[in-house]
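> Have a look; sequence and predicted model below, questions after that.
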Amino acid sequence: MSDYIVKAMAFGGSIRAYAIESTTLVEEARRRHDTWATASAALGRTMTISAMMGTMLKGQDKLTVKLEGDGPVGPVVADANSKGEVRGYITHPHVDFESNDEGKLDVKRAVGTSGFLSVVKDLGLKEHFTGQVPIVSGEVSEDFTYYFANSEQVPSAVGAGVLVNTDHTIAAAGGFIIQVMPGATDEQIDQLEKQLASIPPISQMIQNEKTPEDILRALFGADDVEFLETVPVEFNCPCSLDRIKNAIKGLGEEEIDSMIEEDGGAEATCHFCNEHYQLTKEDLEMIKKTEELH
C-alpha cells in the first residue's frame, strides 16, 4: 500500500491527531543516500514527523526541519509541504551501532544529545517563521514533542518508528502526532496518556499491517475518533537539470569561463535526493551564450 497520512479529531474535537505510514518514503531515502541502519532510523524518524507537520500547512506553504546534534550522523534535514511531498538527507549516512540496552537501534548515540532542532516555515510571507529548541533526547520523537510544547505552545505527543531489515532495507516506518486542544478535559488527557504508554511500538504496528487509522483507533477507541482527510505521501525533490543550469548562470561569466577552461565541464549533486548532474563544456558554452543574450 502507498504511504499516506490520516488527519483526525478525537474526543469530540478536543484532540487533533495525525498518523502516517511512511515505509516507502523512508526506503526511498535509504536507497538514494545508502544509509546504514541507525542512520536510516534517524533520517526516517525525522522525515516521518516532518511529513505530518507539512500537512498542517496550507496551499503552497512548506517547511524545513533541521536536527543538528553532536553525534556522528551530523545534521539531519527534511523538507515537507502541505501536499505530502517530502525529501531529506543525513550528512553522514554510513553510521551504525550495536543495539542499545532496550534492544533497539541506538538513534540517540547517532544524533547526539546536545544541539538544536529548528523548524523554518515558509508561509508565503516576507519573513519566514523560525522556531528552535535544544535537543533534549536525541531519540527524535521526544525532541519534536519538546519543540511543539515550547516553540509552538501546543501540548503534543509525537511518536515515530523505523524498523530495518538485516540487509538495511526498511521493513516498516510510521508515526503519529497527537495535539491537545484547549477544550480537552483532565480525564481525556489521562486516558490518552494511558493508551500512549500501552500501545506497541509504531513500527511494529505498521509491520503487522496496521493502518494509520488503526493506530489512532488504538489510541482513542473506534467510537471516539473522527477521520477528516487522507493525504498521500511521497519522496519528491524538485531539483532538475534546468535548475542546475540556472544556478550556474547566476555565477557569472568569469566563473563559467573558469569551469570551461580548468574543468572542461561541471558536476553537481543534489543534497536532498542525491541525483547527479553533469554538464559538458558545450552545455556551459550555451549557458554563457544565453546569459550574454540577456
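Nice, thanks for sending it over.
> When you work out contacts or count neighbours from here on, use the C-alpha atoms and nothing else.
Fine.
> and stretch 134-143, how far from the chain's centre?
Relative to its chain's centre, stretch 134-143 lies at 14 Å (Cα atoms, centre = their mean, to the nearest Å).
> scratch that, stretch 126-136 is what I was asking about
A distance of 15 Å separates the centroid of the chain from that of stretch 126-136, by Cα atoms, centre = their mean.
> buried sites along that stretch?
131, 132, 133, 134, 135, 136 (16 or more other Cα atoms under 10 Å).
> Tell me who's in contact with the fifth one.
In this structure, residue 135 makes contact with 69, 113, 114, 115, 116, 117, 143, judged by Cα atoms under 8 Å, 6 or more residues apart in numbering.
> how's this structure carved up into domains?
With domains defined by automatic domain parsing, the chain comprises 4-235, 241-293.
> what's the most buried one of the ones you listed?
Most buried of the domains of the chain by mean neighbour count (mean count of other Cα atoms under 10 Å) is domain 4-235; its value is a mean of 20.
> returning to what we had before: mind telling me which of the domains of the chain the model trusts least?
Mean pLDDT is lowest for domain 241-293 among these, at a mean of 84.
> still on that earlier bit, now go through the buried residues of stretch 126-136 and say which are in helices.
Among those, DSSP state H puts none in helices.
> now those as a markdown table including distance to residue 263?
Formatted as a markdown table, these follow (distance: Cα to Cα, whole Å):
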| residue | distance to residue 263 |
| --- | --- |
| 131 | 41 |
| 132 | 41 |
| 133 | 43 |
| 134 | 43 |
| 135 | 42 |
| 136 | 46 |
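> Mind picking the two most distant members of those?
131 and 136 (15.1 Å; Cα to Cα).
> gap between the residue lying closest to residue 168 once chain neighbours are set aside and residue 142?
Once flanking residues are discounted, residue 168 sits nearest to residue 37: 5.5 Å by Cα to Cα, 6 or more residues apart in numbering. Look at residue 37 and residue 142: by Cα to Cα, to the nearest Å, they are 20 Å apart.
> before we move on, what about residue 288?
50 Å.
> same check, this time on residue 186
22 Å.
> Residue 43 now?
For residue 43, the distance to residue 142 - Cα to Cα - is 15 Å.
> now residue 280
47 Å.
> before we move on, what about residue 151?
In terms of Cα to Cα, residue 151 sits 14 Å off from residue 142.
> got it, and residue 157?
Counting by Cα to Cα, the gap from residue 157 to residue 142 is 8 Å.
> Just to be sure, which of the contacts of residue 135 are found in strands?
Judged by DSSP state E, the contacts of residue 135 include 69, 115, 116, 117 as members of strands.
> No further questions, thank you.
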